[in-house]
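Chemist: Provide a 3D model corresponding to the input given below.
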Amino acid sequence: MATKPVKQAGTAERANGLGPLPRMPTLERILYTPHRCGVIDNRVQWTPVENGRALSPLPQIVWSDGTPWREPNLWALERATSIDVSLSTVDSNMRAMHRFAKWLESSGTGWWEFPPRKADRCLVRFRGHLIDAREAHEIAPNTASQTMASVIQFYRWLHASGLIFPEWPMWREKVFGIHLIDLVGFNRTILVNSTDLAIRNRKAPGERLEDGLLPVSAAHRTAILEFVNENGSEELFLMLSLGFFTGMRLGTL
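Modeler: Model (predicted):
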């Protein structure tokens, strides 16, 4: 296998000159060219695979010490070389794994840690981290759901590949049915596998206005009205005043 760096996420220095940033795992995108390993004249040599399909950009995760995280990198390669998975899907999965890798390093957690106490298991703790980030509006609800789904998908592959067999269960499987009615009235049920670690894609609690808009503060409202009064038309000033102090919708105004 031969690789060529294409793009690297992250930076090692602060722009304000305060010294280097803490190193974190990076998500790199490489040009992957299939090679075959062989022994020629008692020497191990790598030769390009004839008619082999190059992959670019293939996402790969590198730990902060410069070593690759081999397991998800192999998972990405296997998925990218399959006929039913696009590179964009692989990239989305690996961005989720990159978020997971950053949490693993920052929390000092091993990706193989599944102790007897459920609350201490790495996946349970990471799920809690994602939910906290969602509640704090640091990530979108769909980001939390998709990230957890990708991580679970990766661990399913690990188990199926014989790369991990924890003594304690990684999660509890759940099966639920989705009822569908087609155009001619036939009713059918699709069984879907899920886990107790899945995160529902729901909005963070709290009142939200239409299209996710948030109200301006009283100070900003005053500044807007003063600016329009000095620089805009009288009609616009009156419309904004009505909107701010009565709550009228745009169509009513």
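Chemist: in what helix or strand does the residue nearest the centre of the chain lie?
Modeler: Residue closest to the mean C-alpha point of the chain, counted by CA atoms, centre = their mean, is Ala96 at 3.2 Å. If you go by DSSP states H and E, Ala96 is part of helix 87-107.
Chemist: So which bits of that helix are buried?
Modeler: Neighbour counts over helix 87-107 (16 or more other CB atoms under 10 Å) mark 87, 90-91, 93-105 as buried. Quick note: C-beta positions are derived from backbone N, CA and C, even for glycine.
Chemist: Give me the contacts around that helix.
Modeler: Taking contacts as CB atoms under 8 Å, 6 or more residues apart in numbering, the residues outside helix 87-107 that touch it are 9, 24-27, 29, 55, 57-61, 63-64, 69, 72, 75-76, 79-80, 109-111, 122, 125-126, 129, 146-147, 149-151, 153-154.
Chemist: Just after it, pick out the following helix or strand.
Modeler: Remark: after helix 87-107, the chain's next helix or strand is helix 122-135, criterion DSSP H and E.
Chemist: all strands for the stretch 151-253 of the chain, in order.
Modeler: In the stretch 151-253 of the chain, the strands defined using DSSP state E, counting those that start in this stretch lie at 173-181, 187-195.
Chemist: Direction included, what does the last one pair against?
Modeler: Based on DSSP bridges, the pairing partners of strand 187-195 within the sheet are strand 173-181 (antiparallel).
Chemist: Looking at the partner strand now, give me its mean pLDDT.
Modeler: The average pLDDT within strand 173-181 is 72.
Chemist: Likewise for stretch 44-64?
Modeler: pLDDT averaged over stretch 44-64 gives 89.
Chemist: Let me know how buried Leu236 is, in neighbour terms.
Modeler: 12 (other CB atoms under 10 Å).
Chemist: tell me the contacts of it?
Modeler: Val228.
Chemist: For it, give its distance to Met97.
Modeler: If you measure Leu236 against Met97 using CB to CB, to the nearest Å, the figure is 50 Å.
Chemist: for Ala144, same thing?
Modeler: From Ala144 to Met97 the distance is 15 Å (CB to CB).
Chemist: what's the answer for Gly110, then?
Modeler: As judged by CB to CB, Gly110 and Met97 stand 15 Å apart.
Chemist: With Ile224 instead?
Modeler: Taken as CB to CB, the span from Ile224 to Met97 is 44 Å.
Chemist: Then Pro115?
Modeler: Distance, Pro115 to Met97, by CB to CB: 22 Å.
Chemist: Pick out the lowest-pLDDT one from the buried residues of helix 87-107.
Modeler: Here the lowest pLDDT out of the buried residues of helix 87-107 sits on Leu87, with 90.
Chemist: Can you give the distance from stretch 52-67 to the centre of its chain?
Modeler: Centre-to-centre, stretch 52-67 and its host chain are 17 Å apart (CA atoms, centre = their mean, to the nearest Å).
Chemist: buried sites along that stretch?
Modeler: Buried residues in stretch 52-67 (16+ other CB under 10 Å): 55, 57-62.
Chemist: can you put these in a markdown table and add distance to Cys37 and secondary structure?
Modeler: Listed next are those as a markdown table, based on distance: CB to CB, whole Å; DSSP: H, G, I helix; E, B strand; the rest coil:
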| residue | distance to Cys37 | secondary structure |
| --- | --- | --- |
| Leu55 | 18 | strand |
| Pro57 | 24 | strand |
| Leu58 | 19 | strand |
| Pro59 | 23 | strand |
| Gln60 | 19 | strand |
| Ile61 | 23 | strand |
| Val62 | 22 | strand |
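Chemist: Can you convert the residues you listed into JSON lines and add a column each for distance to Thr195?
Modeler: Output for those, formatted as JSON lines (distance: CB to CB, whole Å):
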{"residue": "Leu55", "distance to Thr195": "30"}
{"residue": "Pro57", "distance to Thr195": "30"}
{"residue": "Leu58", "distance to Thr195": "28"}
{"residue": "Pro59", "distance to Thr195": "24"}
{"residue": "Gln60", "distance to Thr195": "26"}
{"residue": "Ile61", "distance to Thr195": "23"}
{"residue": "Val62", "distance to Thr195": "28"}
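Chemist: Okay then, goodbye and thanks.
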